[in-house]
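Asker: Fold the following for me, if possible:
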Amino acid sequence: MPGGDGGEAAALLRDALPSCRVLMLTTFGRPGYLRRAVESGAVGFLTKDTPAAQLASAIRRAMAGERVIDPQLAITALSEGDNPLTERERDVLSHASRGSGIAEIAAALFLSEGTVRNYLSLAIQKLDAKNRFEAARIAREKGWL
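Answerer: Numbering: from 1, shown residues only. Now for the predicted structure:
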């Protein structure tokens, strides 16, 4: 979504129209996305390849007040556990995943280069990665970035 993501849209809808029921459809059925969607106020989360009959049923159920979550994705999300990264570690790792160097990340986030290195080191350790690029890949695959 240009200029934002589904979680941000869900949060804006929740705040502006509290009675609005948001059912998110995503290409990326990742546990971290599911968790963020629910935290943003979505009452449902399904992948875009959900069959039409199931989707129609999910819409009716969401409008009736139920939460509608893809069962396999819910199981995966529960087994993955919580995102171990802090918000700042995610910010730094996100910049690193786009190829930004230490100095660029520091300037963009108003941090010292040493602080950036510390955040990257913590993220690498928490994700049991070999380097920042692998850490970013792992975090993206889990939907944590």
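
Asker: Could I get the contacting residues of the one residue sitting closest to the centre of the chain?
Answerer: Taking Cα atoms, centre = their mean, the centroid of the chain lies closest to residue 33, which sits 3.6 Å from it. By Cβ atoms under 8 Å, 6 or more residues apart in numbering, the contact list for residue 33 reads 6, 7, 26, 45, 143. The way it works is simple: take the backbone N, C-alpha and C, and place the C-beta from them, glycine included.

Asker: what do you get if the cut-off is 7 Å, keeping everything else the same?
Answerer: If you count contacts by Cβ atoms under 7 Å, 6 or more residues apart in numbering, residue 33 has them with 26, 143.

Asker: Tell me which residues are up against the helix-or-strand element of the chain with minimal mean pLDDT.
Answerer: Taking mean pLDDT, DSSP states H and E as the measure, the chain has helix 71-80 as its least confident helix or strand, at a mean of 76. Helix 71-80 is contacted by residues 29, 31, 34, 35, 45, 142 when judged by Cβ under 7 Å, 6+ apart.

Asker: Past that helix, which element shows up next along the chain?
Answerer: helix 87-97 (DSSP states H and E).

Asker: tell me what that next one is packed against?
Answerer: Identification of packing neighbours for helix 87-97 by 3 or more Cβ pairs under 7 Å, 6 or more residues apart in numbering; DSSP states H and E yields helix 102-109, helix 113-126, helix 132-141.

Asker: contact partners of the last one?
Answerer: Identification of contacts with helix 132-141 by Cβ under 7 Å, 6+ apart yields 85, 93, 96, 97, 120, 123, 124, 127, 129, 145.

Asker: please redo it, this time with the cut-off set to 10 Å
Answerer: With Cβ atoms under 10 Å, 6 or more residues apart in numbering as the test, helix 132-141 has contacts from 28, 30-32, 83-85, 89-90, 92-99, 102, 105, 116-117, 119-129, 131, 144-145.
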